[in-house]
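Q: Sequence plus predicted model, see below.
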Amino acid sequence: MTGVSDVSVSLLPRHPWTAFCVRRSARLVLSLGVVLTASFAMIRLVPGDPVRAALGVDAPPALVAARRHQLGLDQPFLAQYRHYLGGLLHGDMGASLITGTPVAELVRTRLPATLDIALPAFLVTLAVALPCGLVAAVHTRDGRRPRAELAFTAVTAGLASVPDFVLAAGLSALLAVGLELLPVAGTAGAESFVLPVLALSLAPTAVLARVVRVEALKVLAEDYMRTARGKRLSPARRYLRHAAPNMATAALTVAGSLLPAMIAGTVLVEKVFAWPGIGSAMAQSVVAQDYPVVQAMVLILGTTVLLAGLLVDGLLALLDPRSAIREM
Amino acid sequence: MTALTLCQVTVRYDGPHGPVTAVDGVSLDIPAGTTVGLVGESGSGKSSLARAVVGLTPLSGGRIILDGREVGGRTVRARRHLGRRVQVVFQDPDTALDPRMTVRQTLEEAATAFRRLDRRARSERVAGLLDLVGLDPRLADRLPRQLSGGQRQRVAITRALAVEPDVLIADEITSALDVSVQASVLNTIRRLQRQLGLSMLFIGHNLPAVCYVSDVVAVMHRGRIVETAPTTALLRDPQHPYTRALLTSVPILNAPPPGEPAAPALPALPALPALPDEKLS
Amino acid sequence: MSVPTRSRRSLPSSPLAWVAATMLASLVLLALAGPLVWGAAADRPDPSAVLQGPSAAHPFGTDNLGRDLLARVLTAARPSLLLALSATLLGAAGGVVLGASTAVVGPRTRRWLATLINLLLAFPALLVALFLAVVLGAGAGGALFALAVASVPGFARLAQTLAAGVSGTDYLAAARVLGLRRHRLLRRHVLPNIAEPLLLSTTMAAGTALVALAGLSFLGLGVQPPAYDWGQLLNQGLDRVYAQPLPALAPGLAILYAALTFQLLGEVLAGSAARRAHAPQSPPTAPLPATLPAPLPVPDGPAGDDHVLQDHVLQVEDLTIELPTPAGVIRPVRGVSLSLRAGEIVGLVGESGSGKSLTALALAGLLPEHARVGRRTHRLLGADLTAMTRKERHHHLATGLAVIFQNPASALNPSLRIATQLTEAIRTHRGASRTEAAAQAEAALRRVALPPSLLRSRPHQLSGGQRQRVMIASGLMVRPALIIADEPTTALDVTVQRQITELLSDVRRDTSAAVLFISHDVALVAGLCERVLVMYAGTVVESLPADRLATATRHPYTRALVESVPDLTADRDRPLRTVEGGPPDPLAPAAGCPFQPRCPHRRHRCAEDVPALTDLDPGHRVACWYPLPAPAKATAS
Ligand SMILES: Nc1ncnc2c1ncn2[C@@H]1O[C@H](COP(=O)(O)OP(=O)(O)OP(=O)(O)O)[C@@H](O)[C@H]1O
Ligand code: SF4
Ligand SMILES: [Mg+2]
């Protein structure tokens, strides 16, 4: 629809690609600003005294004061903000209230673990949903095979409504404990990835497959598909060469909107599998009210989501320059 | 006396490659009681002009003068002032009427937009309006999807007439209709001209249809008006090459069969300027 | 036609609908009755039965205080559902107001609102809810509010998209011109027209909210002990998942059940909305007895129609098409016969819905696959298509004829280069090599007066006229004996239309291909074609030489059609001819002449027997019991 800087259209470069990049970066910067400010403001917005809450009521006042000072909570607001941003620039994200470990250290060890399941989950989603949706569309177009359509709708609706953390718990009970097939928790070897990735990707796969089917039905009903039929091209050529490229944009747009949800989903799924990633760190520190850690995790997850969005938009712009540039 | 005057009206949009000038300094007079036709091909800026005149699209330049007073501004007040005097009917019979309102509700909303009417007066007004455009009063309680395309367009015309405007702008109102249905809408327009003495700007791309209802015809090409002349004069003696190209391209039913020479009255088709990409007007 | 639609709406129509309705009823019942029936049991601690597995007394086992887990799960339905619904409704209300107002505010405000929505949408709802829940402090209220806020952007975007659809309509523009104030526009025109899809997604969102709230409780941010909801129960039980799966997972199953209910419900609502949107929207015609379609009359052609006409490129007899629609089977084409000689150009005219396009598609074998076609003869270049195998037929059609469609903007594939689209047919069917095909494509483009450099472009870089030329070039690539052009100029400007029709005439002259030119424009067809067939309601009602169209038509419909066209010399004081009424309802075709309800010349016989296409003059055939008299001038010539 619109970019951040639509309002100042006349200031933008004329070349559509340049304009696209400028607008997209402007939007990224603004969103990053929101994330930074939100994560900064979080500690200050928490009701009561966050330090006291984290350390408990019987913590010695000296310790509380020291931690408050460490967090800079005793300084004026703007100075705190400047301090916070300055710290971030040097990779300083504060330290855990409880253990005292630097948060940056925590992020360094945990972020890769999260990406290790989030990215494969995304790829699995794409790899399964795209062909499934296309095949389902080809077989159910023009109201053919109403039973198959009903089955597809019912099954995907069912799968799409399975909450990832419930699935995670169920999977670990069934496969890991009940059947002792796969590791229950932790990151020991390739098999340990199976369950978290499955838990993260099942519902998004169902959602995406449905969207792909609907998009494919639209494309199959287009005039140019009739033209292709008129040329009596082989089905493979019609579906792969003529139909598939025209649904890529829509499919990728939806997939792109699923990616952030998937990243957010790691919080719950990692907790179930005790996966040593950002998500489980966040879940633990939320319960322990270890706000500096929560703050950093919000910042990291938020930024990851924004970068993922940028990646998808860039890809879309490459694939389908006209629509992407128009969309901005 | 002049009802509506457009003076150097310009409309620009922001396109991906910078501003696009859709209407480029158009000046046009619509004298009271006459119908001015505006023909042009797709993308020539006809609809942008219509929307600008009724305040739906901001003017980038120029003035709109109604009875010697400039109108305009994008406040609700300015729009109400304009709406009382100038009404518009659009192209698409599918979206012309709110799908959830009956004909009666639609007409009552319009009839009470600028004046108060009690219940009785309202239903009399609705019946009178339907009668005016030759629609069966029993249609009043139908929903738009229960009407045919031609009936919908006639209800849309009625809605515009309900506020008793001085000027009616008809933007391609028959383009989406079949010819036999178009004929009934054109007949309705002709009858209204005679009964109400309406001033009208009749926009279209179908030259014969526009000429049939217009006293004066203006030809629009790429945002500019290239020629304005009384209908008969324009048909007899077109001045601008584009007008001539348009005239020779119109298929004519009574034309001699293929192989025989074309009607001598019409000049040969001149070389056309390269036409730009169609844009939706 | 609205009546059956409405009755369909009130009854669940598919098994899915029944399942969803039952599940919803069970949830409502549980939320109402659960705490009353099981509330006491759920809160009764039993120190003697702590952390037990499933047993007869406790089917789901007990928790760490010995409370019955089944009772707790059932009791927790009310808070879980209540919280989810409140959060959804709050979020929906906020989002809808924010999003829908974009349709009625000025462009500047609209842009700012859109930017704001875009910005908020970049963050996943769960993350926003988590953040807010942390800030607001753990607790049901905080979680509810957090989730409501988190779901605002999603609703806002949806409402914005829907409202943009409304704000582009002519009725909203007309309401603006009427000077209605903003709140009135919003209340009367925007909200009612977006309510249905919003309701639908609110249903789906309720499921999502339920899951998200359970997720927050699962993290310890939602409902706080001693109160409990499903998420919290799941959290408490999670440690036992390895020892006693059922007690641990029971709350998860409840979440799953509720989420599935909302999802299915949304599914069913969406399905019925889509069905209603597809329901026929034509005006109700006069009530007619729902007769079974009568057996099709076989037009009695002149003798000898059945044998092969050697010089004919195309010969079709008694073509009938049946199409299943949601409202019943329709027969949009009934008993159409036509034949074309090599090099002949024949027009097919008729108003919208008369069956022209379907006829064209049937001739080219391109009907949708659920259509049923019947024809006595279908010969292309003398070869009987009905006697061929599917594969042979495909090859014969692919190389024997080409179709040019109405809308060149959509008939070319936007993501393939012109070169690919031009060459693929001959590479498939004539086994042409890449270089041969490219050379032929260049030649074909030159033939339609386009530079060969266009081969490397994509359709969107071309103008409408250029695209239609490309379509013609693409058709010429297989050197067809027949070109079927279905309204090839309707989407084009009149000056471009003339260029395209001239091109078609040239092509016909140079390649002696026959052309079937389909159009709704009587004047255009009269000037371009040699012979014209006039279609009405799926039948050919008149077939005549094109030069007779203006003055010597004999069928009442054709005459009315011709007289309703204004031309440049029309007498402006004489009203145009109109045809009262509309075409017959395809679902309930009446007996007799299809034009009979609208025909000013009808007599008794017209309502009973279908008139067949019969010869009046050489080359002039009419399907009418009482043809109009031929004008004196035409008889003289
Ligand atoms: N796929 C389809 N399913 C159901 N009904 C259809 C289908 N295609 C066409 N019809 C119906 O068949 C009838 C004839 O349609 P057709 O498209 O052949 O008309 P047409 O003469 O080409 O009209 P137009 O001038 O609008 O193109 C119409 O009533 C139409 O609604
Ligand atoms: S058969 Fe009868 S109803 Fe039909 S067109 Fe002829 S006169 Fe009219
Ligand atoms: Mg058609």
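A: Structure's in. What do you need? Ligands and ions are numbered 1, 2, ... in the order given.

Q: Leaving aside the residues adjacent along the chain, what's closest to the residue in the stretch 151-281 of chain B that ligand 1 sits nearest to?
A: Going by CB to the nearest ligand atom, ligand 1 is nearest to residue B:178 of the stretch 151-281 of chain B, at 8.0 Å. Using the backbone N, CA and C atoms, a C-beta is placed for each residue, glycine as well. The shortest distance from residue B:178 to any non-neighbouring residue, by CB to CB, 6 or more residues apart in numbering or on different chains, is to residue C:351 (4.2 Å).

Q: Repeat that for residue C:266.
A: Spatial nearest neighbour of residue C:266, excluding adjacent residues (CB to CB, 6+ apart): residue C:204 at 3.9 Å.

Q: check contacts around the one you found.
A: By CB atoms under 8 Å, 6 or more residues apart in numbering or on different chains, residue C:204 lies in contact with C:262-263, C:266.

Q: where's it, which helix or strand?
A: helix C:191-218 (DSSP states H and E).

Q: quick one, what contacts residue B:219?
A: Per CB under 8 Å, 6+ apart, neighbours of residue B:219: B:39-40, B:225-228, B:234, B:240, B:242-243, B:246.

Q: Would you mind confirming that the residue of the stretch 151-281 of chain B closest to ligand 1 makes contact with residue C:349?
A: No - under the criterion of CB atoms under 8 Å, residue B:178 is not in contact with residue C:349, lying 11.3 Å apart.

Q: Which residue ranges of chain A form helices?
A: Here chain A has its helices, by DSSP state H, at A:16-45, A:50-55, A:61-71, A:77-89, A:103-140, A:146-160, A:164-171, A:191-220, A:223-230, A:235-236, A:244-273, A:278-288, A:291-319, A:321-327.

Q: JSON lines please, covering those helices and showing mean pLDDT and distance to residue C:599.
A: Output for the helices of chain A, formatted as JSON lines (pLDDT from 0 to 100; distance: least, CB to CB, whole Å):
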{"stretch": "helix A:16-45", "mean pLDDT": "81", "distance to residue C:599": "57"}
{"stretch": "helix A:50-55", "mean pLDDT": "71", "distance to residue C:599": "86"}
{"stretch": "helix A:61-71", "mean pLDDT": "78", "distance to residue C:599": "90"}
{"stretch": "helix A:77-89", "mean pLDDT": "82", "distance to residue C:599": "83"}
{"stretch": "helix A:103-140", "mean pLDDT": "88", "distance to residue C:599": "44"}
{"stretch": "helix A:146-160", "mean pLDDT": "85", "distance to residue C:599": "41"}
{"stretch": "helix A:164-171", "mean pLDDT": "81", "distance to residue C:599": "67"}
{"stretch": "helix A:191-220", "mean pLDDT": "87", "distance to residue C:599": "41"}
{"stretch": "helix A:223-230", "mean pLDDT": "90", "distance to residue C:599": "35"}
{"stretch": "helix A:235-236", "mean pLDDT": "89", "distance to residue C:599": "47"}
{"stretch": "helix A:244-273", "mean pLDDT": "82", "distance to residue C:599": "46"}
{"stretch": "helix A:278-288", "mean pLDDT": "81", "distance to residue C:599": "75"}
{"stretch": "helix A:291-319", "mean pLDDT": "81", "distance to residue C:599": "56"}
{"stretch": "helix A:321-327", "mean pLDDT": "53", "distance to residue C:599": "50"}
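
Q: Which of these sits closest to residue C:491?
A: Closest approach to residue C:491 among the helices of chain A is made by helix A:223-230 (10.9 Å; CB to CB).

Q: so, in contact with ligand 1 or not, the closest one?
A: No - judged by CB under 6 Å from any ligand atom, helix A:223-230 makes no contact with ligand 1; its nearest approach is 11.1 Å.

Q: Just want the angle from that helix to helix A:244-273.
A: Taking axes from the mean of the first three to the mean of the last three CA atoms, to 10 degrees, one finds that helix A:223-230 is oriented at 120 degrees with respect to helix A:244-273.

Q: Which residues in helix A:223-230 does the neighbour count mark as buried?
A: Using 16 or more other CB atoms under 10 Å in any protein chain shown as the burial criterion, the residues of helix A:223-230 that qualify are A:223-230.

Q: now do stretch C:131-150
A: Buried residues in stretch C:131-150, counted by 16+ other CB under 10 Å: C:131-138, C:140, C:142-150.

Q: Dump the C-alpha coordinates for it into CSV.
A: C-alpha atoms of stretch C:131-150 as CSV (Å, rounded to 0.1, in the frame of the first residue of the first chain):
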residue,chain,number,x,y,z
PHE,C,131,5.6,-7.4,25.4
LEU,C,132,2.4,-5.8,26.6
ALA,C,133,1.7,-8.6,29.1
VAL,C,134,5.1,-8.1,30.6
VAL,C,135,4.6,-4.3,30.8
LEU,C,136,1.1,-4.6,32.2
GLY,C,137,2.1,-7.2,34.7
ALA,C,138,1.0,-10.9,34.8
GLY,C,139,-2.7,-11.4,35.1
ALA,C,140,-5.9,-12.1,33.2
GLY,C,141,-6.7,-8.5,32.6
GLY,C,142,-3.3,-7.6,31.4
ALA,C,143,-3.2,-10.6,29.0
LEU,C,144,-6.7,-9.7,27.7
PHE,C,145,-5.8,-6.1,27.0
ALA,C,146,-2.4,-7.1,25.6
LEU,C,147,-4.0,-9.5,23.2
ALA,C,148,-6.7,-7.1,22.2
VAL,C,149,-4.1,-4.5,21.3
ALA,C,150,-2.0,-7.0,19.5
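
Q: Is there proximity between that stretch and chain A?
A: Yes - looking at stretch C:131-150 against chain A by CB under 8 Å from any CB of the partner chain, the contacts come from C:131, C:134-137.

Q: which one of these is nearest residue B:124?
A: Closest approach between the residues of stretch C:131-150 next to chain A and residue B:124, by CB to CB: residue C:136, at 59.0 Å.

Q: For residue 110, grab the count of nearby residues.
A: Picked chain A for this. Number of residues near residue A:110 (other CB atoms under 10 Å in any protein chain shown) recorded here: 21.

Q: was after chain C, sorry
A: Neighbours of residue C:110 under the rule other CB under 10 Å: 21.

Q: For it, list the residues it contacts.
A: residue C:102.

Q: Just to be sure, it is in a helix?
A: Yes - the assignment for residue C:110 by DSSP: H, G, I helix; E, B strand; the rest coil puts it in a helix.

Q: Residue C:158 versus that one, what's the distance?
A: Going from residue C:110 to residue C:158 by CB to CB, to the nearest Å gives 16 Å.

Q: ok, now residue C:143?
A: For residue C:143, the distance to residue C:158 - CB to CB - is 23 Å.

Q: one step back: the residue nearest to residue B:178 reaches residue C:522, doesn't it?
A: No - with contact defined as CB under 8 Å, residue C:351 does not count as touching residue C:522 (9.9 Å).

Q: ok, and the closest non-adjacent residue to residue C:149?
A: Closest to residue C:149 by CB to CB, 6+ apart is residue C:132, at 5.8 Å.

Q: Sorry, wrong one. I was asking about residue C:237.
A: Spatially, and ignoring its direct neighbours in sequence, residue C:237 is nearest to residue C:248 (3.9 Å; CB to CB, 6+ apart).
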